[in-house]
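In: When you get a sec, could you give me coordinates for this:
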Amino acid sequence: MEVISDSSPSTHYPVAHKSISLDIKGNKTDIVICKHDDNFLVMVTQIGCMGTILRARKEESVSVDPTFNVSVVFGKRDVPYLLACARQLIEHISSCGSSRPLVLSLGLKDHSPGTLKDIISAVIDNRLW
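Out: Numbering: from 1, shown residues only. From the prediction side, this is the model:
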């Protein structure tokens, strides 16, 4: 996974954001991470546009162990690795102390576990939470 370009976080209107481009398994991959007041938005594309949109959030409960809700807003519902990607990111966001939900867009050519693992690593390495 080679980073092609990297930009530092911006805090200008309307929201803080970070954009990176990198090569993941031979596919140019663009990632934009935005920190809104009420959500984190992560857009990942290898196809030049948004893809499957997922929403992930931590459920409030009295239980000691946290529970998370991940759902497809629209797009591919038959690719379980996309749900797993959103789940891993919301668990990381929560473990860092943030209660903001995540909206995740994945427009990918390659839905393999290795690609999604590299995407998760890149997002966590460039996180805004």
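In: just the strands in this protein please.
Out: 2-6, 16-24, 27-35, 40-45, 52-59, 67-74, 102-107 (DSSP state E).
In: will you turn the ones you listed into TSV that also has mean neighbour count and distance to residue 86?
Out: Placement of C-beta: from N, CA and C, glycine included. Shown next, in TSV, are the strands of the chain (neighbours: other C-beta atoms under 10 Å; distance: least, C-beta to C-beta, whole Å):
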stretch	mean neighbour count	distance to residue 86
strand 2-6	10	23
strand 16-24	17	17
strand 27-35	18	14
strand 40-45	22	9
strand 52-59	19	4
strand 67-74	13	5
strand 102-107	22	5
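In: tell me the contacts of the spatially closest residue to residue 66 that is not a sequence neighbour?
Out: Nearest residue to residue 66, sequence neighbours excluded (C-beta to C-beta, 6 or more residues apart in numbering): residue 58, at 5.6 Å. Applying C-beta atoms under 8 Å, 6 or more residues apart in numbering, we find residue 58 in contact with 66-69, 90, 94, 99, 101.
In: between those, which is nearest residue 119?
Out: Nearest to residue 119, judged by C-beta to C-beta, of the contacts of residue 58 is residue 90 at 14.2 Å.
In: Contacts only, for that closest one.
Out: Contacts for residue 90 (C-beta under 8 Å, 6+ apart) come out as 56-58, 68, 70, 101-102.
In: Any figure for the gap between residue 54 and residue 85?
Out: 8 Å (C-beta to C-beta, to the nearest Å).
In: do residue 92 as well
Out: Remark: distance between residue 92 and residue 85 (C-beta to C-beta) = 11 Å.
In: With neighbour numbers in mind, choose between these two.
Out: Using other C-beta atoms under 10 Å as the criterion, residue 92 and residue 85 rank with residue 85 on top: 28 against 16.
In: how close does that one sit to residue 74?
Out: Counting by C-beta to C-beta, the gap from residue 85 to residue 74 is 16 Å.
In: Could you do residue 21 as well?
Out: For residue 21, the distance to residue 74 (C-beta to C-beta) stands at 25 Å.
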